[in-house]
Each structure stands twice: as structure tokens, then as C-alpha cells.
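Undergrad: Quick one, fold the following:
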Amino acid sequence: MRFSRNIAMRGTEAVSAYRKISGIKNDNELPEVFLGGWIARSLYDDFNVNARVECYFTQIASDLGKNVDSDLKRIMGSWRADVAVYEKGIPTSIIEIKIYDEGCCAKSVLSDLEKMRELSKITDIETYLAVLITSTTNNTCENRAKSLSKILGNDFDYIDSPTIAEEGAADWSWQFACGSFT
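TA: Residues are numbered from 1 along each chain as shown. Next up, the predicted model:
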């Protein structure tokens, strides 16, 4: 919960920056790894914590002193946290980043949350879900955020203000939301 507002605000900043850096037309066409790198750097700058991008769950479990046996490798071997927060050399939080646009269904977001919860069960690590939510042809991003919250079983801690895409030139909008879903 302590990082939610910062992650959402910095996520919004990252989307706008990537549009300028890359020259893309649609704000939702950025790679999640760019968002992860931006958020990791921001957490370091704002909270003086270390943050790793694309960190394997098995590495996080090992860093927390858990035995990474064949069962754990079988279950979580390929799973990665988009961002893992380390404090004093110990992982304390993981962040999953999703782009919830017309091409993404709520089940995909829920599936990633369930994976994070699997790690949290064995480690007590904080889990954050950071989501770029877009409007669709039939629904506003605000309504989609409310609907997604219901599916996830919890409200987001912080939702940044809606932004009209393409620096105000598009007919759709997006907003960045983040919540601690431990």
C-alpha cells in the first residue's frame, strides 16, 4: 500500500514519456518492460529502495531463504515479477504491470494476481498490481477500473486521473491504477 500512489503517478508519467521517446501514436502501445524500468528507477529515486526488473519468483524465494526445490521450480520456474523491490538486500514487494486495453481480458489480470499470491503465500511478500486501464468503444476507463476491481476482489489503492490519449488529440482515454493485493 505504501508504494501504490507513487507507482500509479510514475506509471502515468512513463506512458507520456514513452509516447514522446518512441513517437508512437497510441499511448497503450508501450512495452510493459519500459513501464517496469521506469517504475523501478522511480522507486529508487523516491524511496531509496533497490528495484529489479523481470526478477524470477524463484530468485525472490531464494533471497528470502526459501528452499527452491523441484516442486517450487515446477510451479514458479518461469514466473517473473515485473519489478521486485529490495530493502537492505531483502525482497519486500513485487509489482505486476498490465496493460488493460481492448486486447486484454480481466481474466489475464486476475491470472497474474493469482501467481503473485502463490509467492506471497510462501513468503509474505507484498504484492502490487499496476494497471494501465484504457477506455473501450463501449466503456469508459473509470467504469472499467470499477469492474476490474470487483473481479480482483479488492479496490485499487490509488487511481490517477484519466488522460486523453495522444496528448488530448484522441477520442479515447486511459488512466493508471495501482493497489496492494496481498
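Undergrad: Helices of the chain, residue ranges please.
TA: Taking DSSP state H as the criterion, the chain carries its helices at 4-22, 32-47, 57-63, 70-76, 106-123, 141-152, 165-168.
Undergrad: Identify whichever of those lies nearest to residue 97.
TA: When the helices of the chain are compared by Cβ to Cβ, helix 32-47 sits nearest residue 97, at 4.9 Å. C-beta coordinates here come from the backbone N, C-alpha and C atoms, glycine included.
Undergrad: tell me the angle the closest one makes with helix 4-22.
TA: Angle of helix 32-47 versus helix 4-22, following axes from the mean of the first three to the mean of the last three Cα atoms, to 10 degrees, is 130 degrees.
Undergrad: Need the contact partners of helix 32-47.
TA: Contacts to helix 32-47, defined as Cβ atoms under 8 Å, 6 or more residues apart in numbering, come from residues 3, 6-7, 10-11, 13-15, 17-18, 49-54, 82-83, 85, 95, 97-99, 130, 132.
Undergrad: Just the buried residues of those.
TA: 3, 6-7, 10-11, 14-15, 18, 49-53, 82-83, 85, 95, 97-99, 130, 132 (16 or more other Cβ atoms under 10 Å).
Undergrad: Now do stretch 164-171, average pLDDT.
TA: For stretch 164-171, the mean pLDDT works out to 80.
Undergrad: how about that stretch: buried residues?
TA: Under the neighbour-count criterion of 16+ other Cβ under 10 Å, stretch 164-171 has residue 165 buried.
Undergrad: Equivalent analysis for stretch 34-48, please.
TA: Buried residues in stretch 34-48, counting neighbours by 16+ other Cβ under 10 Å, are found at 34, 35, 36, 37, 38, 39, 40, 42, 43.
Undergrad: Thanks again, I'm all set now.
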